[in-house]
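>>> Quick one, fold the following:
(chains A and B)
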Amino acid sequence: MTGKIGFILGNEAIVEGALVSGATFFAGYPITPSSEIAERASRRLPQVGGYYLQMEDEIASIAAIIGASIGGAKAFTATSGPGFSLMQENIGLAVMAEVPCVIINVQRSGPSTGLATKPAQADIMQARWGRHGDHSIIAISPSTVQECFDLIIFAFNVAETYRCPVLFMADATVGHLREGCVLRSKDEVEIINRKRPPEGLDEYYPYKADEDLVPPMATLGGHYLSRFHSSSHNEKGLPTSSPEEAKDLIKRLYDKIEKNKDKIVKYKTFDVDGSDYLLIAFGGAVRAARQAALDAKKRGLKVGVLQLQTVWPFPAEYVCELAKDKKGVVVPEMNMGQIIGEVRKAVPDAIPVVGANRYDGEPLAPYEIMKALDEVLSL
Amino acid sequence: MSRRSKEVSWKAFLREESLPHQWCAGCGYGVILKSMLYAFEKSGLAPKDVVVVTGIGCWGKADDYLYTNTVHVTHGRALPIATGIKVANPSLKVLALMGDGDSATIGGNHLIHSSRRNIDVTAIIANNLNYGMTGGQYSCTTPLDSRTSTSWYGDPEPALDICRLTETAGASFVARTTVYHVGTIERYILMALSHEGFSLVEVISPCPTYFGRYNKMPKAPIMLNWLKDKAISIERAKNLSEEELSGAIVTGVFADKKGHSFLSRYNEIQARAKKDLEGE
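Alright, predicted model coming up:
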């Protein structure tokens, strides 16, 4: 598959990108609209000496990929809303025990079993806050098939770098989209593997972090014994109820993501310089936003687009910087208005922020964004 | 053969600095832990070859006392985590230590499917017939009509037989004993460790603090005698009626089958897939 151009589904591109990243383990439970990921993984992984496990439910699926990553593999799972809900507790385990893994949510309309075959972006706040307890999280969202391929590699890289779960928030419009995609080879992309402890230590402390706040992760069966722990623990990986140790751990887990935000946040801009208005979107809604910006240009309006490829941690400082001299901001989302709250928190109060929302299971259309833009113009 | 003659002593697997342990006086878990350490010694394994996965509950504390690789996880999920570890790194000996809540109640679905999958993991289930850590509530293995802190007027639900369930579901090694029958614990664990495929040892353990106290057995010796009286070997049980077996603890080896483990089956799948790729 070296450097080939494929005309493939977003869901298929995700699997090909995962393979290029070096992933050798997938565990999942089929669910629309993510099933093509499981299907392709089940064919491709055993071809390269990897494993596809079809588990009894999504709880077991996320548990198995956490286990596989502890065992030394790069591992991923894929699901949609109902399965994503079931996975939340163990995503918290991956946060606490610091286990790199990638969880793909091809979002569909909800709540509950919702509209199983139809797209939405309504799990984006769940991605941020779905687990109990204080913590930060990384969520990445693709808007094209090419980005399904490129950004899943980025997702594995940040998971490995920061020893944490990464949520890959696709949606049915992108997962079920078929378009051209350059399937880059391993040599053409940057692949990052988890940091290992140096040899020759008297004792390896599994949760003793380096300056970047990330502890090196030992290979099981190698030089050192390792411990992984879901409860509040000390550097040795032993449980502790000390308030100081509990606080230090929670703070470090939060800071290792928030303080490395400049390396985790990825975005794209289209015609933002000199524009009067700004559209801020992520995932499938970016496609409609870019078309709306082009349509607005024909009307003589200067409209730029900011695409958030990394949605969490939210790049509030950058959004503020970009929006502060604009006359207005529109936030198109396939939900009732979720990320718009973050945008409102980030931009100065004087700048109007209006949502363009659709939550009937249909993809957002450019004219709907134009309507929201007209609302901003009328203010 | 004396234990000392072994290359790696059982003590090499014990994290002595974590002692004394937190289990109650009269709890059987220290007995199960030491039996497991003896089995490790006899197995010829080294601490770095062993991964112990624990969930939540009294027995879920066992990893604190172990000098092996340890993975302490969420309630009920030790088995799928162990599954991932073993598949990713087949050279490791992977054990899942679970109580009756972890293994069969909240984690019951994983127990059925790990058995069916015949995944190469050893489950050591310490069954104290109730939820000890949270204050003695009933679990799915609490005997029918027993009093617990959430069944004050008797448990209305019949108990689940973990060994019959897993044997039926496809586990290839299944054995049950009790803390009273201490010698058999080490023997069964050793058999399980050398078994290919899913192996399970269930050990019924006294909980005088909760289950015993609520059921007129507030001291460990009374509970141990109760286990002795309730135990019937699987050979003897074959000739007894359902009525005669009511309330009995059937002990012994329920299944010991050679056959395809998950990993051996998946090796074949990989070979077919590689052939398919070459043919493309």
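>>> OK, contacts around the residue in chain B positioned nearest to chain A?
Nearest residue of chain B to chain A, counting by CB to the nearest CB: residue B:84, 2.4 Å away. Every C-beta, even on glycine, is put in place using the N, C-alpha and C of the backbone. With contact taken as CB atoms under 8 Å, 6 or more residues apart in numbering or on different chains, residue B:84 is in contact with A:25, A:27, A:53, A:63-71, A:75.
>>> Repeat that for residue A:201.
Under the contact definition (CB under 8 Å, 6+ apart), the residues listed for residue A:201 are residue A:224.
>>> can I assume it sits in a strand?
No - membership of residue A:201 in a strand is not supported by DSSP: H, G, I helix; E, B strand; the rest coil, which gives coil.
>>> and it, what pLDDT?
Here, the pLDDT recorded for residue A:201 equals 94.
>>> So what pairs up with the closest residue to residue B:45 other than its chain neighbours in the strands?
Closest residue in space to residue B:45, ignoring its immediate chain neighbours: residue B:93 at 5.6 Å, by CB to CB, 6 or more residues apart in numbering or on different chains. Residues in a beta bridge with residue B:93, per DSSP bridges, are residue B:50.
>>> And residue A:182, by the same measure?
residue A:5.
>>> Pretty sure residue A:146 is one of the things it touches, is it not?
Yes - at 6.7 Å, residue A:182 and residue A:146 qualify as touching, with contact defined as CB atoms under 8 Å.
>>> Who has more neighbours out of these two?
residue A:146 (18 against 14; other CB atoms under 10 Å in any protein chain shown).
>>> How about the contacts made by that one?
A:13, A:179, A:180, A:181, A:182.
>>> Distance of the residue lying closest to residue B:256 once chain neighbours are set aside relative to residue A:345?
Spatial nearest neighbour of residue B:256, excluding adjacent residues (CB to CB, 6+ apart): residue B:173 at 5.4 Å. Going from residue B:173 to residue A:345 by CB to CB, to the nearest Å gives 57 Å.
>>> Who has more neighbours out of these two?
Taking other CB under 10 Å, residue B:173 and residue A:345 do not tie; residue B:173 has more neighbours (27 against 12).
>>> ok, now how distant is the more buried one from residue B:196?
Taken as CB to CB, the span from residue B:173 to residue B:196 is 9 Å.
>>> quick one, phi psi at residue A:172?
Main-chain torsions, residue A:172, degrees, to the nearest 10: phi -60, psi -30.
>>> Pretty sure it sits against residue A:114.
No - counting by CB under 8 Å, residue A:172 sits too far from residue A:114 to count as a contact (11.1 Å).
>>> Spit out the residues that contact these two alike.
Common neighbours of residue A:172 and residue A:114 (CB under 8 Å, 6+ apart) are A:108, A:120.
>>> If you count surrounding residues, which of the two has more?
For the pair residue A:172 and residue A:114, the greater number of neighbours falls to residue A:172 (28 against 16), based on other CB under 10 Å.
>>> Now for the more buried one: which residues touch it?
A:33, A:106, A:107, A:108, A:117, A:118, A:119, A:120, A:284.
>>> Farthest-apart pair in those, please.
Across the contacts of residue A:172, the longest distance by CB to CB is 14.5 Å; it joins A:117 and A:284.
>>> the more surrounded of those two?
Each of residue A:117 and residue A:284 has its neighbours counted (other CB under 10 Å); residue A:284 has more, 29 against 12.
>>> Just give me the neighbour total for the closest residue to residue A:330 other than its chain neighbours.
Using CB to CB, 6+ apart and skipping the chain neighbours, the partner closest in space to residue A:330 is residue A:372 (4.6 Å). Residue A:372 has 20 neighbours, counted by other CB under 10 Å.
>>> do the same with the one 5 residues further on
Under the neighbour criterion other CB under 10 Å, residue A:377 is assigned a count of 16.
>>> Quick check: phi and psi at it.
Dihedral angles (degrees, to the nearest 10) for residue A:377: phi -60, psi -30.
>>> What distance do you get for it to residue A:343?
18 Å.
>>> now residue A:250, what's its secondary structure?
helix.
>>> Please tell me how far it sits from residue B:140.
34 Å.
>>> Equivalent analysis for residue A:289, please.
Taken as CB to CB, the span from residue A:289 to residue B:140 is 52 Å.
>>> Neighbour count for those two, which is higher?
Remark: of residue A:289 and residue B:140, residue A:289 carries more neighbours, 29 against 16, as counted by other CB under 10 Å.
>>> what comes up buried for the host helix or strand of that one?
Assessed by DSSP states H and E, residue A:289 sits inside helix A:285-298. Residues of helix A:285-298 classed as buried: A:285, A:286, A:287, A:288, A:289, A:290, A:291, A:292, A:293, A:295, A:296 (neighbour count, 16 or more other CB atoms under 10 Å in any protein chain shown).
>>> so which of those residues comes closest to residue B:146?
Checking the buried residues of helix A:285-298 one by one against residue B:146 (CB to CB), the nearest turns out to be residue A:285, at 56.6 Å.
>>> May I have the secondary structure class of the residue nearest to that closest one when sequence neighbours are not counted?
Among residues not flanking residue A:285 along the chain, residue A:332 sits closest, at 4.6 Å (CB to CB, 6+ apart). Of the three states, residue A:332 takes strand under three-state DSSP.
>>> State the distance from residue A:378 to residue A:352.
Taking CB to CB, one finds residue A:378 at 10 Å from residue A:352.
>>> These two - which one has more neighbours?
Each of residue A:378 and residue A:352 has its neighbours counted (other CB under 10 Å); residue A:352 has more, 17 against 8.
>>> and the gap between the more buried one and residue A:302?
For residue A:352, the distance to residue A:302 - CB to CB - is 16 Å.
>>> quick revisit: quickly find the element holding the residue of chain B closest to chain A.
Per DSSP H and E: helix B:78-88 holds residue B:84.
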